[in-house]
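Peer 1: Provided below for reference: sequence and predicted model.
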Amino acid sequence: MVEKKSSLDITALARDLRAGHRAALARAITLVESRRSDHQAQARELVQMLLPDTGKAVRVGITGSPGVGKSTTIDALGTYLIEQGNKVAVLAVDPSSARSGGSILGDKTRMARLSASSDAFIRPSPSSGTLGGVAAKTREAMLLCEAAGFDVVLVETVGIGQSETAVCDMTDFFLALMLPGGGDELQGIKKGLVELADMIAINKADGDNLKRANVTAADYRGALHILSPRSEHWHPPVITYSALAGAGIAELWQKVLDHRKAMNASGEFAARRRDQQVKWMWSMLEQRMLSRLRSEASVRARVKKIETEVADGHLTPALAAEQILELLQ
């Protein structure tokens, strides 16, 4: 529990966090996730103070359907990165966490090696009523992890659709994990997931699955040829690996580094980060406006009345929107 405003020293918290104290990092993220207005004001001050210490980490988004082995992959990849001398933070964006309490909590048990390492930090998805709220808090947590000295941040997306887009918009590299399978496995293309991905990795490429994994990889390579890549400087590769056996993990990470090198050389890396910052600003403004509409009792009552008038057909949505905007002035 974060202390009352009077007893919280933001400067001291920032100093401890920069020094890499895990307790300070956990406390800072709790502050960012708090819904109390005084905590939110302190969180904004803290993140602004730490801003010069952020931005240096490799930010990787990881997605995949249930059963694809995301947790095992993150455990294997994170352990490999720590062995290479890195510090790894694992965050999650789970829009259902407001109801479920955050599914990554259970994943900690499946990240046994990583959760036991002092060079790893695993944080469950923040609880929020909206995907935008979850994403905003996760972005802030990512900046705090970077300021605390974590040089790789892995952001897991839980669920499909908009949460994948949200994670893609906050990371440098978006990794889509797939299972060996038949033609049905190519349904990912219909969802637009493949078009977001900077790489497709087929997991469980071991034993009897090896041949199927290679066939699936070939199918995806063929499919990617007819899709426009996100960047003219990078054509998403398709690889196979086994998280359980640890095979192909080094190659997987090398592709992430190759992508970073290509994006830096073209100037696209800096441009994408700049675009993301501006997107974050508008997203947070939207969240703040919605928060005001929900938090102030008098405003909430007026909005409810306007909603009823629209539902009953007495007021047009356009005029209703105008009236709600006036309430925020």
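Peer 2: Done, it's in. Note that the structure is a prediction, hence the values are computed from the model and not measured.

Peer 1: Report how many residues lie close to K87.
Peer 2: Neighbourhood size, K87 [other Cβ atoms under 10 Å]: 21. Bear in mind the C-beta positions are built from the backbone N, C-alpha and C, glycine included.

Peer 1: Show me what counts as buried in stretch 310-324.
Peer 2: Across stretch 310-324, burial judged by 16 or more other Cβ atoms under 10 Å covers V310, L315, A320, Q323, I324.

Peer 1: Can you tell me which of the residues you listed comes closest to L51?
Peer 2: Checking these against L51 by Cβ to Cβ gives I324 as the nearest, at 32.5 Å.

Peer 1: Look up how far A76 lies from the closest one.
Peer 2: 49 Å (Cβ to Cβ, to the nearest Å).

Peer 1: which stretches of the stretch 1-150 of the chain form strands?
Peer 2: For the stretch 1-150 of the chain, applying DSSP state E, counting those that start in this stretch gives strands covering 58-63, 88-93, 120-122.

Peer 1: What is the longest helix belonging to the chain packed up against?
Peer 2: Scanning the chain for the helix with the most residues, using DSSP state H, yields helix 268-295. In terms of contacts (3 or more Cβ pairs under 8 Å, 6 or more residues apart in numbering; DSSP states H and E), helix 268-295 is packed against helix 131-147, helix 249-266, helix 297-311.

Peer 1: repeat that for 10 Å
Peer 2: Under the contact definition 3 or more Cβ pairs under 10 Å, 6 or more residues apart in numbering; DSSP states H and E, helix 268-295 sits against helix 37-50, helix 131-147, helix 249-266, helix 297-311, helix 317-327.

Peer 1: List the buried residues of the longest one.
Peer 2: Neighbour counts using 16+ other Cβ under 10 Å place I249, L252, W253, K255, V256, H259, R260, M263 of helix 249-266 among the buried residues.

Peer 1: And the residues you listed, which is closest to D208?
Peer 2: Nearest member of the buried residues of helix 249-266 to D208, counting by Cβ to Cβ, is I249, at 20.7 Å.

Peer 1: circling back to that earlier point, among the buried residues of helix 249-266, which pair sits farthest apart?
Peer 2: Of all pairs drawn from these, the greatest distance, 21.8 Å, lies between I249 and M263 (Cβ to Cβ).

Peer 1: which residues of the stretch 101-250 of the chain score low on pLDDT?
Peer 2: 101-109, 127-130, 159-161, 182-191 (pLDDT under 70).

Peer 1: Try it again at 90.
Peer 2: Across the stretch 101-250 of the chain, residues meeting the criterion (pLDDT under 90) sit at 101-113, 115, 123-138, 156-169, 178-197, 204-212, 215-233.

Peer 1: What ranges does the stretch 101-250 of the chain have for its helices?
Peer 2: Counting by DSSP state H, counting those that start in this stretch, the segments of the stretch 101-250 of the chain that form helices are 104-107, 112-115, 131-147, 162-168, 193-196, 209-225, 249-266.

Peer 1: which one of these is the most hemmed in?
Peer 2: Highest mean neighbour count among the helices of the stretch 101-250 of the chain (mean count of other Cβ atoms under 10 Å): helix 131-147, with a mean of 24.

Peer 1: Can you check what angle separates it from strand 58-63?
Peer 2: Relative orientation of helix 131-147 versus strand 58-63 (axes from the mean of the first three to the mean of the last three Cα atoms, to 10 degrees): 140 degrees.

Peer 1: Next, count neighbours for the nearest residue to S71 once chain neighbours are set aside.
Peer 2: Distances taken as Cβ to Cβ, 6 or more residues apart in numbering place R110 nearest to S71, at 3.8 Å, with adjacent residues excluded. By the criterion of other Cβ under 10 Å, R110 has 15 neighbours.

Peer 1: R110 touches V90, doesn't it?
Peer 2: No - R110 is not in contact with V90 according to Cβ atoms under 10 Å; the separation is 11.6 Å.

Peer 1: List the contacts of T79.
Peer 2: V88, M111, A112, R113, L114, A116, S117, D119, A120, G246, I249 (Cβ atoms under 10 Å, 6 or more residues apart in numbering).

Peer 1: Next, work out how far apart P124 and M170 are.
Peer 2: Separation of P124 from M170 (Cβ to Cβ) stands at 17 Å.
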